[in-house]
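>>> Predicted structure and sequence below. I'll ask about it afterward.
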Amino acid sequence: MATKVLVKECQYAEFKQSWQDEYLKWICAFANTEGGSLFVGVDDKGYVCGVKNAHKLSEDIPNKIRNTMGVICEMRLLNAGGLDYFEIKVDKYPVPISYRGRYYKRSGSTVQELSGVEINRLTLFMQGRTWDSVPVPGISTKELDHGALKLFREKAVESQRLDKKAAGVSVQNLLQNLRCTEGSHLTRAAMMCFHPDPESWVTGAYIKIGFFATEADILYQDEIHGPLLIQVERAMDLIFTKYMKALVSYEGINRQERFFFPPDAFRELLLNAVVHKDYTETTPIQIKIYSDRIWMWNPGNMPEEVKVKDLFKKHVSKPRNPNIANVFFKSGYVESWGRGYYNIELACEETDSKLPKPKAEFGGLTVECRASDQYKELANKWNIGGANPPINPPINLPINLPINLPINSTQKALLNLLQENNSYTYDKLADKMQKTRETIRENLKKLQELGLIRRVGARKNGHWEIIEK
């Protein structure tokens with residue numbers, strides 16, 4: 001009766017019925033990943049089938065491995081039911097290993113050849129480093145975006161991840177405390193989070209958004225550039241004003257606004273994408289928005305330890321870019337315990353929204369968010385759908401202003417607040433609307449360009465004047 005080995009084929013074990021020199025690739029792949037064992041004389045189902053000349057092979061193969069790759073392996077000659085077979089046990093190596101000038105890695109139960117970018121990634125992995133920890137020569141703290149730094153300090157204090165004293169230190173000390181420096185150099189994490197143009201070094205470090213009537217019919221699109229911290233704020237503001245405008249209903253005298261997917265949940269998905277993106281890929285984060293769903297794609301495969309099917313379950317937190325993740329954690333944007341999808345589930349439950357559907361595909365993670373049944377009912381009531389995005393019914397605009405203004409809901413809300421008190425400062429408006437100062441500044445600028453408001457007097461003692469049309 002045939003004997004079955006005790007292990008199964010997996011990331012760390014491979015079965016071969018006989019020896020061929022091409023299996024040196026498997027040895028190379030084990031050395032470049034987490035190590036493992038190649039069993040020779042075992043069939044695909046795990047039964048020992050035996051191998052001829054086992055004793056000679058057990059002497060020849062270690063020499064071939066050493067001579068071609070410089071790798072030392074443990075060779076175990078075994079016997080089961082009178083049949084000889086052997087196990088080649090390979091340890092994980094601290095440096096990249098090549099076989100005939102090519103590099104291989106283990107992915108599940110397969111062997112994959114590495115490209116140039118993947119070889120660089122492997123080198124970092126072997127050194128115990130991550131992509132975002134690499135120093136970037138030639139960048140000084142003077143070149144960083146003051147708005148992004150100010151936003152970080154404000155958010156860090158507001159979230160109580162840093163106290164005012166820790167947040168108020170010099171930029172250099174702040175970045176050192178965030179582990180965003182190496183010696184005298186800033187790292188990629190500092191450059192990505194705080195430099196005004198990270199795309200000078202990293203192609204595709206932006207967010208692309210489009211509104212689609214059908215898969216083939218795009219109506220309009222935008223790109224969000226700049227420091228990652230600012231990208232998140234700008235993308236959220238744009239998506240939930242221009243792309244995903246709320247429908248309005250009333251319960252008695254109470255006005256209810258409903259988006260087809262809750263903003264808090266989508267913010268978590270967007271933050272996950274920005275923090276976990278594989279920035280060695282040259283394609284941006286892509287967000288497609290339709291009248292009743294959102295589709296988002298983030299380049300970069302999931303880590304082996306975290307399966308897509310387990311995202312809504314308890315799982316480990318293993319960010320691809322831990323230093324970037326640390327900046328977002330200290331600013332209060334994200335948790336550090338793998339709770340992002342738990343927060344998404346809570347936000348969806350509170351608003352009776354459908355859970356998003358994540359899926360590993362196209363070399364990354366896609367997430368589809370579909371409209372809730374309640375939203376669809378409301379959309380039918382307003383007769384909204386097809387090729388046009390939902391449009392907000394007008395809110396209480398200042399007297400004598402035309403209803404069909406080419407402005408978004410943030411700008412409408414600003415007009416309401418300025419009607420309430422035309423001396424409100426940027427900071428006061430930001431506080432009342434729970435938005436960043438940068439968002440307020442940009443929207444006030446747009447209202448000025450449209451000729452709807454003007455600034456009267458000095459910056460400190462002046463006020464805003466609404467221009468009635």
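Here it is on my side, so go on.
>>> and the most centrally placed residue in the chain, backbone torsions?
Note on the chain: the residue nearest the mean C-alpha position is Ala273, at 1.9 Å, using C-alpha atoms, centre = their mean. Here is the backbone geometry of Ala273 (degrees, to the nearest 10): phi -60, psi -50.
>>> same thing with Val111?
phi -110, psi 130.
>>> Give the helix, strand or coil label for the closest residue to it other than its chain neighbours.
Counting by C-beta to C-beta, 6 or more residues apart in numbering, Val111 lies nearest to Ala29, which is 4.5 Å off, once chain neighbours are set aside. Placement of C-beta: from N, CA and C, glycine included. Of the three states, Ala29 takes helix according to DSSP: H, G, I helix; E, B strand; the rest coil.
>>> Ala29: how many residues sit nearby?
Neighbourhood size, Ala29 [other C-beta atoms under 10 Å]: 25.
>>> Hmm, Arg102 and it touching each other?
No: here Ala29 does not reach Arg102: they are 10.6 Å apart, not a contact under C-beta atoms under 8 Å.
>>> Doesn't Phe240 lie inside a strand?
No: using three-state DSSP, the assignment for Phe240 is helix, not a strand.
>>> dump the residue contacts of it.
Taking C-beta atoms under 8 Å, 6 or more residues apart in numbering, we find Phe240 in contact with 246, 259, 263, 266, 409.
>>> who wins for most neighbours among the residues you listed?
Neighbour counts for the contacts of Phe240 peak at Phe266, which has 25 neighbours (criterion: other C-beta under 10 Å).
>>> how far away is it from Asp44?
To Asp44, Phe266 is 45 Å away according to C-beta to C-beta, to the nearest Å.
>>> Cys180 and Arg129, how far apart?
As judged by C-beta to C-beta, Cys180 and Arg129 stand 14 Å apart.
>>> I misspoke; the intended subject was Ser98.
Separation of Ser98 from Arg129 (C-beta to C-beta): 20 Å.
>>> okay, the two: which has more neighbours?
Per other C-beta under 10 Å, whichever of Ser98 and Arg129 has more neighbours is Ser98, with 16 against 12.
>>> That one is in contact with Cys28, isn't it?
Yes: if you go by C-beta under 8 Å, Ser98 and Cys28 touch, sitting 7.0 Å apart.
>>> Between these two, which contacts overlap?
Taking C-beta under 8 Å, 6+ apart as the criterion, Ser98 and Cys28 both touch Met69.
>>> mind pulling up the phi and psi values for the residue lying farthest from the centre of the chain?
Farthest-out residue of the chain from its mean C-alpha position, per C-alpha atoms, centre = their mean: Gly82, at 53.9 Å. The phi and psi values for Gly82, taken as degrees, to the nearest 10, are phi 80, psi 0.
>>> how close does it sit to Ala2?
11 Å.
>>> Lys354 too?
Lys354 is 50 Å from Ala2, where distance means C-beta to C-beta.
>>> which of those two has more neighbours?
Neighbours were counted for Lys354 and for Ala2 using other C-beta under 10 Å; Lys354 has more, 17 against 13.
>>> so what's the more buried one up against?
Applying C-beta under 8 Å, 6+ apart, the residues near Lys354 are 261, 348, 369-372.
>>> Pretty sure it sits in a helix.
No: if the criterion is three-state DSSP, then Lys354 is coil and not within a helix.
>>> Just the local confidence number for it, please.
On pLDDT, Lys354 comes in at 91.
>>> Okay, now the unreliable bits of the stretch 201-350 of the chain?
Confidence mapping of the stretch 201-350 of the chain against pLDDT under 70 gives the ranges 248-257, 336-337.
>>> Who are the contact partners of Pro198?
By C-beta under 8 Å, 6+ apart, the residues touching Pro198 are 191-192, 205, 226-228.
>>> farthest-separated two in the residues you listed?
Met191 and Gly226 (12.0 Å; C-beta to C-beta).
>>> Between the two, which is the more surrounded one?
For the pair Met191 and Gly226, the greater number of neighbours falls to Met191 (25 against 22), based on other C-beta under 10 Å.
>>> my read: the more buried one touches Trp201, true?
Yes: at 6.2 Å, Met191 counts as touching Trp201 under the criterion of C-beta under 8 Å.
>>> what sits in contact with each of these two?
Listed as contacting both Met191 and Trp201 by C-beta under 8 Å, 6+ apart are Val136.
>>> Break the chain down into its structural domains.
The chain is divided into the following domains under automatic domain parsing: 13-128, 132-200, 207-318+333-382, 409-466.
>>> mean confidence for the first one?
Regarding domain 13-128, the rounded mean pLDDT is 89.
>>> how far does that domain stretch from start to finish?
24 Å (C-alpha to C-alpha, to the nearest Å).
>>> quick one on the thing from earlier: so the residue nearest to the centre of the chain is in contact with Asn298, correct?
Yes: distance between Ala273 and Asn298: 4.0 Å, which falls inside the contact criterion (C-beta under 8 Å).
>>> hey, what's in contact with both of those two?
285, 365.
>>> For the nearest residue to Gly50 once chain neighbours are set aside, the count of nearby residues, please.
Excluding the flanking residues, the one nearest Gly50 by C-beta to C-beta, 6+ apart is Leu83, at 3.3 Å. Neighbour count for Leu83, taken as other C-beta under 10 Å: 17.
>>> Just give me the longest helix of the chain.
Secondary structure of the chain read by DSSP state H shows that its longest helix is helix 54-69.
>>> Going by neighbour count, list what's buried in that one.
Going by neighbour count (16 or more other C-beta atoms under 10 Å), the buried part of helix 54-69 is 54, 57-58, 61-62, 65, 68-69.
>>> rewinding a little: now, which of the contacts of Phe240 sits nearest Thr33?
Phe266 (35.0 Å).
>>> which residues does the residue nearest to Gly50 bridge with?
On the basis of DSSP bridges, Leu83 is bridged to Ala80.
>>> gap between it and Lys445?
Leu83 sits 79 Å away from Lys445, going by C-beta to C-beta.
>>> list the contacts for Leu414?
Contacts of Leu414 (C-beta under 8 Å, 6+ apart): 429, 433, 440, 443-444, 447.
>>> ranges for the helices of the stretch 251-400 of the chain?
For the stretch 251-400 of the chain, the helices defined by DSSP state H, counting those that start in this stretch occupy 263-276, 322-330, 340-350, 373-382.
>>> Would you convert those helices into TSV that also reports distance to Leu418?
Formatted as TSV, the helices of the stretch 251-400 of the chain follow (distance: least, C-beta to C-beta, whole Å):
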stretch	distance to Leu418
helix 263-276	24
helix 322-330	32
helix 340-350	31
helix 373-382	28
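>>> Of all these, which one comes closest to Arg76?
Proximity to Arg76 (C-beta to C-beta) singles out helix 322-330 among the helices of the stretch 251-400 of the chain, at 37.3 Å.
>>> in that closest one, what counts as buried?
322-330.
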